[in-house]
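[1] sequence below, structure please.
(chains A and B)
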Amino acid sequence: PGLPWPIPAPVTSLLSLAVTSEQIEHLHRRFKQLSQDQLTIRKENFDSIPDLEFNPIRGKIVHAFFDKRNLRQASDGLADEINFEDFLTIMSYFRPIEMNMDEEQLDRFRKEKLKFLFHMYDSDHDGKITLQEYRNVVEELLSGNPHLEKESARSIADGAMMEAASICVGQMGPDQVYEGITFEDFLKVGDVSAHTKMHVRFLNVDTIAHCY
Amino acid sequence: IPSVSSIVPESCLLIVVGLLVGGLIKGVGEKPPILKSDIFFLFLLPPIILDAGYFLPLRQFTENLGTILIFAVVGTLWNAFFLGGLMYAVCQLGGPGLNHIGLLANLLFGSIISAVDPVAVLAVFEEIHINELLHILVFGESLLNDAVTVVLYHLFEEFANFEQVTILDIILGFLSFFVVSLGGVLVGVIYGLIAAFTSRFTSHIRVIEPLFVFLYSYMAYLSAELFHLSGIMALIAAGVVMRPYVEANISHKSHTTIKYFLKMWSSVSETLIFIFLGVSTVAGHHYWNWTFVISTLFFCLVARVLGVLVLTWFINKFRIVKLTPKDQFIIAYGGLRGAIAFSLGYLLDYKHFGMRDMFLTAIITVIFFTVFVQGMTIRPLVDLLAVKKKQETKRSINEEIHTQFLDHLLTGIEDICGHYGHHHWKDKLNRFNKKYVKKCLIAGERSKEPQLIAFYHKMEMKQAIELVESGGIGKIPSAVSTVSIQNINPRTLPLERVLPALSKDKEEEIRKILRTNLQKTRQRLRSYNRHTLVADPYEEAWNQMLLRRQKARQLEQKMNNYLTVPVHRVDSPTMSRARIGSDPLAYEPKEDSENLPIITIDPASPQSPESVDLMSEEPKGCSGLPPSPEEDEEGLVMRVKEPSSPGTDDVFTPGTSDSPSNQRMLRCLSDPGPRPEEPEEGEPFIPKGQ
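    This next block holds a predicted model:
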């Protein structure tokens, strides 16, 4: 309805994602801004967003947009570029929970959101968050403080991993090894109400931030 | 048969006690005291509000701020006008006794009675443990509606004396609302910042740190009240603003002191308020008018229910997590009135408001009804409706990591979408805070400490204290399981428990410092002081020694596994606090030291600054430190032990002879000292058999 571009046919199927047409329009405009009027976006296009610079985990966020698992294309690998449909797919992970969903839908919805988070932690795509990956996450989170030593990040990650192990497996003998946090463990250990917070409001469609 | 306290909330019992006391006094023939308004507002109310404001769960509060504000402002306004208007109608129709009460008087009455009372809400809601969202909604509303109440009250009081009320007056009244509320907040923020700034310099006089918190908060309250601004909002703002900075600056003990004093004062105030309410009921002059009182009660309830319903319908359009009808019912039912209404009514000038007694009677009736009926029935109703209760989960390090990660993720997504939302502004505020504000207000190194690290340190300390207090045998807290570093990273070798080789003069320095500390203590012990708990050294200690030896060995093993305290070149005050705070520095007795007496050290010894130097000297001086210096810290500090008998406060006993590190430690500390002329005192410090 009144979009500047002709909508490719698959997008209409995205309306089943329950993103309203108003929001699609807004995201379209944003996509156009980011891609500089091209049809696809590459990783470099994200550098043009000024506020993203301050974000300690921007690498992971940008990476998540190109992660094929999130794009539901494959179980592994990275795409080089994404089109508007893929952009919308990623954005759909952040739509708010609606009151009229039933239990099953709600549960599926929740799992999807948490899977998105899980993929961000699990950078080597092997289905588990290993100690090294977790250390990586904590290091990135603390990367905004340059004077901090790596030791601190490492010990926090170690402590967190041990806690996760003790919650998921319980008592472990000295010979058992805890490989990593699987998705089931993640559901138990992670922030249980994360799915309620994982949404972005599209209330005010007029405030579009500028790009360079 | 359920006990009385499980059915009747504490506030009701206190009022009953007040009634009894009042009745008793009256029966004796004396005139019972009435709760005077200035005592109430100046002395009884501030501690409760400060306690609430200082420990306000800020995250939930800010997340729901819009909802809370709407309930507080619009809801209270609606209640006041609806009630006032209807009561005016009732008065007109009510016959000769009520006809003379004008519209403004009724509106004034409406504004007094319509405000939800924080004291009553706190008293009742704390016992029913409902989920945090509902708690913060009702409680936040009760706190923030003070500004509305103050404005309306003063406004109507003034207007009641005017001949004519013009539009200009109404507009000015509307504007004064903003002045009152924002002015109150501003005053609070200013005092909060001053308090935070002051706490930056208190590192040498730790004992008066709590005083500043109380003092500045109270001054904020008084200053605001002086200018007829909202004192409650000032108090809340001061508490909220000063808390993160003050907590980063003050010592652990001061923090505990503040916590306990605030809880104590607020408990005392709450108790006194309810008792006085009971006494005042008996003591006051009452004028009972059936029509007025019953219709007040009825319309109060109706107004509350209608208000909540309409406002929730409006708010739910903007909320992500909608408020269910169950939630709405609890919010409506939780609108309790309390002592603030009574005090405001009592403040009314008798000359201008002849019907004051009738007002007071009606107010007391409403208060009694809400506190007794609603307070008692809310608990079974909560169970009946299966309202979600508060989850007693401890915040884990995993959750903290995930929460921060999610925050950053959502901020990033908002930036990508180009939408300046909630997270964007929060992130901007955090960055501003980190860059400028923290540097001014937090002393030393803590100003650069990221939140995750601070949280982690707090958790480690808590874990360590828990471990100590559990005694080690059989009572291992379930959060601490047998998972150790081996289980998650099998490639790391078990850390070598070797004390790094101290340079000769370093060792000498340590010995000297210890000597001076120990000797000072020795001098202290000579003078008897009933406050110093010194046990008979020989008798009790021996019985405990064997037990403790066993415990300490287990403890050490566990400590080695769990505590991976990161090394900081410059010690963060949290860790130094942990060292000073955990006073019982304990060592294991040696096998053959049968006649070893135990020496107690007074914890509040003046040489604590020196002990700080000792601890912080260690990492700095030992340049050749291997990457596992936690061993070092462990050897000196972390083997804490609980005082086993009431007599022995802190115990010095030499360490186990198991590992070479302990032997070296023993050697360091067992140096006899350069005072051979006091052999009778010199003996106890040297562990025999070395």
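[2] how close does B:Gln391 get to chain A?
    As judged by C-beta to the nearest C-beta, to the nearest Å, B:Gln391 and chain A stand 9 Å apart. C-beta here means a position set from N, CA and C on the backbone, and glycine is covered the same way.
[3] in the helix or strand that contains A:Val137, what's buried?
    Counting by DSSP states H and E, the element that carries A:Val137 is helix A:131-141. Neighbour counts over helix A:131-141 (16 or more other C-beta atoms under 10 Å in any protein chain shown) mark A:131, A:133-141 as buried.
[4] same check on stretch A:112-122?
    Residues of stretch A:112-122 classed as buried by neighbour count (16+ other C-beta under 10 Å): A:113-122.
[5] next one: stretch B:368-378
    Judged by neighbour count using 16+ other C-beta under 10 Å, the buried positions of stretch B:368-378 are B:368-372, B:374-376, B:378.
[6] mind putting the residues you listed into a markdown table with distance to B:Leu69, secondary structure and pLDDT?
    Shown next, in a markdown table, are those (distance: C-beta to C-beta, whole Å; DSSP: H, G, I helix; E, B strand; the rest coil; pLDDT from 0 to 100):
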| residue | distance to B:Leu69 | secondary structure | pLDDT |
| --- | --- | --- | --- |
| B:Phe368 | 30 | helix | 91 |
| B:Phe369 | 27 | helix | 90 |
| B:Thr370 | 23 | helix | 90 |
| B:Val371 | 26 | helix | 89 |
| B:Phe372 | 30 | helix | 90 |
| B:Gln374 | 24 | helix | 89 |
| B:Gly375 | 26 | helix | 87 |
| B:Met376 | 30 | helix | 88 |
| B:Ile378 | 24 | helix | 88 |
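[7] of these, closest to chain A?
    Nearest to chain A among these: B:Ile378, at 25.3 Å, using C-beta to the nearest C-beta.
[8] contacting residues for the spatially closest residue to B:Asp117 that is not a sequence neighbour?
    Nearest non-adjacent residue to B:Asp117, counting by C-beta to C-beta, 6 or more residues apart in numbering or on different chains: B:Gly338, 3.0 Å away. B:Gly338 sits next to B:117-121, B:273, B:367, B:370-371 when contact means C-beta atoms under 8 Å, 6 or more residues apart in numbering or on different chains.
[9] okay, B:Gly338: pLDDT?
    You'll see B:Gly338 listed with a pLDDT of 87.
[10] what about it, distance to B:Leu19?
    Per C-beta to C-beta, to the nearest Å, B:Gly338 is found 16 Å from B:Leu19.
[11] which SSE is residue 107 in?
    As the question left the chain open, I've gone with chain A. Element membership for A:Asp107, per DSSP H and E: helix A:103-121.
[12] my bad, chain B
    Going by DSSP H and E, B:Leu107 is part of helix B:103-113.
[13] name the next helix or strand downstream of that helix, please.
    helix B:118-128.
[14] need the mean per-residue confidence for that following helix.
    86.
[15] stretch B:436-445 now?
    Stretch B:436-445 comes out with an average pLDDT of 74.
[16] ok, and does that stretch reach over to chain A?
    No. Against chain A, stretch B:436-445 shows no contacts by C-beta under 8 Å from any C-beta of the partner chain, the least distance being 9.6 Å.
[17] output that stretch as PDB, nothing but the C-alphas.
    What follows is stretch B:436-445, C-alpha atoms only, in PDB (Å, rounded to 0.1, in the frame of the first residue of the first chain):
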ATOM      1  CA  TYR B 436      31.300  12.200  33.500                       C
ATOM      2  CA  VAL B 437      29.300  11.600  36.600                       C
ATOM      3  CA  LYS B 438      31.000   8.500  37.900                       C
ATOM      4  CA  LYS B 439      34.300  10.200  37.700                       C
ATOM      5  CA  CYS B 440      33.200  13.000  39.900                       C
ATOM      6  CA  LEU B 441      31.300  11.100  42.500                       C
ATOM      7  CA  ILE B 442      33.100   7.800  43.000                       C
ATOM      8  CA  ALA B 443      36.500   7.700  44.600                       C
ATOM      9  CA  GLY B 444      39.500   6.100  43.100                       C
ATOM     10  CA  GLU B 445      39.500   3.100  41.000                       C
END
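[18] part of a strand, is A:Ile41?
    Yes. Counting by DSSP: H, G, I helix; E, B strand; the rest coil, A:Ile41 is part of a strand.
[19] A:Lys113 and B:Lys326, how far apart?
    Taking C-beta to C-beta, one finds A:Lys113 at 25 Å from B:Lys326.
[20] tally of neighbours for B:Thr64?
    No, residue B:64 isn't Thr; it's Asn. Counted with other C-beta atoms under 10 Å in any protein chain shown, residues neighbouring B:Asn64 total 19.
[21] got it, and the one 4 residues further on?
    The burial metric for B:Ile68, expressed as a neighbour count using other C-beta under 10 Å, is 25.
[22] name the nearest residue to it, ignoring sequence neighbours.
    Sequence neighbours aside, B:Gly140 is the residue nearest to B:Ile68 in space, at 3.8 Å (criterion: C-beta to C-beta, 6+ apart).
[23] secondary structure element for the one you found?
    Using DSSP H and E, B:Gly140 falls within helix B:132-159.
[24] now do that helix against helix B:103-113: the angle between them, please.
    If you take axes from the mean of the first three to the mean of the last three C-alpha atoms, to 10 degrees, helix B:132-159 sits at 150 degrees to helix B:103-113.
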